[in-house]
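[1] Predicted coordinates and the sequence they were generated for:
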Amino acid sequence: MKYIRLLLIFLPFAVLGRLFGWSPIVTFAFAGLSIVPLAEIIGEATETLAERIGPRLGGLLNATLGNAAELIIAILALKEGLVELVKASIVGSILGNLLLVTGLSILVGGLRNGIQQFDRRVASTNATLVILSFIAIGVPSLFDIELVEHAHSELLLSEGTAAIMLVLYGLSLAYTMGLPHSKPEPDHEPVGRPLAATVGVLTAATVGIVIASELLVGSVEPVIEELGWTEFFVGVIIVPIIGNVAEHLVAVQVAADDKMELSLAVSLGSSLQIALFVAPVLVFASLFFPQKLLLVFNQYELIAVSSASMVIALVSLDGESNWLEGAMLLAVYLILALAFYVLPVGV
């Protein structure tokens, strides 16, 4: 993971690309590459702070800052009026965590360690929350057909659903943090970077992500035009991968180390954060911009999320995994990615 930090060199090049009018594709690529180590640094700093303030507040801090990169990119995209890109990135982050990350983790872990086991109770609860998340984003989407001529009702349904999702997420955090811990809490000050230095690193990395995200979002439309991609494909596949690479690598690494329960906690937990925390927050954040974000997704997005939710629930049922199940999850993701790529402009 330490070699990821070398990608930080691309941030000044991304800035130079914008200043000197380099190809938007180059600026987009440099900005995207620089976001990867910055997201990893934020994750590490957040974990360090969590160790210092205890498991309860630490869990809340991890939940809040765990998807800082995606949240910042999405807010800047909302500022630019790229609402469809933001909605696609929400769906893409959920799919990426449920299918790509979990699938790759189970595949690598299974090939290296054989059949791996995990806590059925926790996995089942997370899988149920994933399905519940699909229902939460599906209901406003389906009912929107009848509300399309009533803007106030549309907004009320999305905001009300977002508020309920935030409450549910808070309850899930309270439940998870209330479970007994397998390791006793340390009775000494954690050894590592001083608190002030950790906060400074976290602040600097956040500023860096804001700069890189601004460059990334500003290059989206020219890149789409030059490469012939759709805004939908960029949002549902490219942006989520950029924002989640560091976290993805962690999940795969711990699965390879035969810690499948922790790996699933990372991948399923991140997807729940996106669905129950990031998406609702973006709904309310959009109130400060001209174009409002509604929890209304197209039929392709709903089909994709429903498929992923059902598959991951089935995989979690028996409390154990093998490499073939990982290959199945990856196959579903690749099929969906191919389908999103061939969709015409304007879906």
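    Done, it's in. Here the structure is a predicted model, which means the values were calculated and not measured.

[2] Can you list the buried residues in the helix or strand hosting residue 44?
    Element membership for residue 44 (DSSP states H and E) is helix 24-53. Of the residues in helix 24-53, 24, 27-52 count as buried by neighbour count, 16 or more other Cβ atoms under 10 Å. All C-beta atoms are positioned from the backbone trio N, CA, C, and that covers glycine.

[3] what about residue 174, how many neighbours?
    Counted with other Cβ atoms under 10 Å, residues neighbouring residue 174 total 12.

[4] Would you map the helices across the stretch 101-250 of the chain?
    Ranges of helices in the stretch 101-250 of the chain, per DSSP state H, counting those that start in this stretch, are 102-113, 120-147, 151-178, 195-227, 231-233, 239-256.

[5] Reformat those helices as TSV; add distance to residue 79.
    Output for those, formatted as TSV (distance: least, Cβ to Cβ, whole Å):
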stretch	distance to residue 79
helix 102-113	32
helix 120-147	22
helix 151-178	19
helix 195-227	8
helix 231-233	16
helix 239-256	15
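
[6] Where does the prediction get shaky in the stretch 201-347 of the chain?
    For the stretch 201-347 of the chain, the stretches with pLDDT under 70 are 345-347.

[7] again, but for the stretch 1-150 of the chain
    The model of the stretch 1-150 of the chain has pLDDT under 70 over residues 1-2, 50, 53-66, 147-150.

[8] do that again at 90, thanks
    Residues of the stretch 1-150 of the chain meeting the criterion pLDDT under 90: 1-7, 21, 35-73, 80-81, 117-150.

[9] tell me the contacts of residue 212?
    Residue 212 is in contact with 11, 14, 31-32, 34-35, 38, counting by Cβ atoms under 8 Å, 6 or more residues apart in numbering.

[10] ugh, wrong one, I meant residue 226
    23-25.

[11] If we use 10 Å, what do you get?
    23-25, 28, 219 (Cβ atoms under 10 Å, 6 or more residues apart in numbering).

[12] Can you mark which positions in the strand or helix carrying residue 326 are buried?
    Here residue 326, judged by DSSP H and E, is contained in helix 323-342. Neighbour-count burial for helix 323-342 flags 323, 325-326, 328-330, 332-333, 336-337, 340 (criterion: 16+ other Cβ under 10 Å).

[13] if we can go back for a sec, nearest to residue 285, out of the helices of the stretch 101-250 of the chain?
    The closest of these to residue 285 is helix 151-178. By Cβ to Cβ, the value is 10.3 Å.

[14] wait, residue 169 sits on residue 67?
    No - assessed by Cβ atoms under 10 Å, residue 169 is found out of contact with residue 67, at 11.9 Å.

[15] More neighbours: which of the two?
    residue 67 (26 against 21).

[16] Next up, the contacts around residue 325.
    Contacts of residue 325 (Cβ under 10 Å, 6+ apart): 102-103, 106-107, 110, 115, 311, 314-316, 318.

[17] try residue 112
    Neighbours of residue 112 in contact, by Cβ under 10 Å, 6+ apart: 255-258, 323.

[18] repeat that for 7 Å
    Taking Cβ atoms under 7 Å, 6 or more residues apart in numbering as the criterion, residue 112 is in contact with residue 256.

[19] Would you mind giving the contacts of residue 226 as a markdown table with distance to residue 91 added?
    Putting the contacts of residue 226 into a markdown table (distance: Cβ to Cβ, whole Å) gives the following:
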| residue | distance to residue 91 |
| --- | --- |
| 23 | 29 |
| 24 | 24 |
| 25 | 24 |
| 28 | 21 |
| 219 | 22 |
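
[20] which among the residues you listed gets closest to residue 238?
    Nearest to residue 238 among those: residue 28, at 8.9 Å, using Cβ to Cβ.

[21] residues in contact with the residue lying closest to that closest one once chain neighbours are set aside?
    Nearest residue to residue 28, sequence neighbours excluded (Cβ to Cβ, 6 or more residues apart in numbering): residue 219, at 3.9 Å. Residue 219 is in contact with 24, 27-28, 31, counting by Cβ under 7 Å, 6+ apart.

[22] Start and end of stretch 231-246, how far apart?
    24 Å (Cα to Cα, to the nearest Å).

[23] Any buried residues in that stretch, and which?
    In stretch 231-246, counting by 16+ other Cβ under 10 Å, buried: 231-246.

[24] same question, stretch 117-124
    118, 122-123.

[25] hmm, back to that, to residue 287, which of the helices of the stretch 101-250 of the chain lies closest?
    Per Cβ to Cβ, nearest to residue 287 of those: helix 151-178, 8.3 Å.

[26] how near is the residue nearest to residue 229 when sequence neighbours are not counted to residue 339?
    Spatial nearest neighbour of residue 229, chain neighbours left out: residue 223 (7.4 Å); criterion: Cβ to Cβ, 6+ apart. Using Cβ to Cβ, to the nearest Å, residue 223 is found at 21 Å from residue 339.
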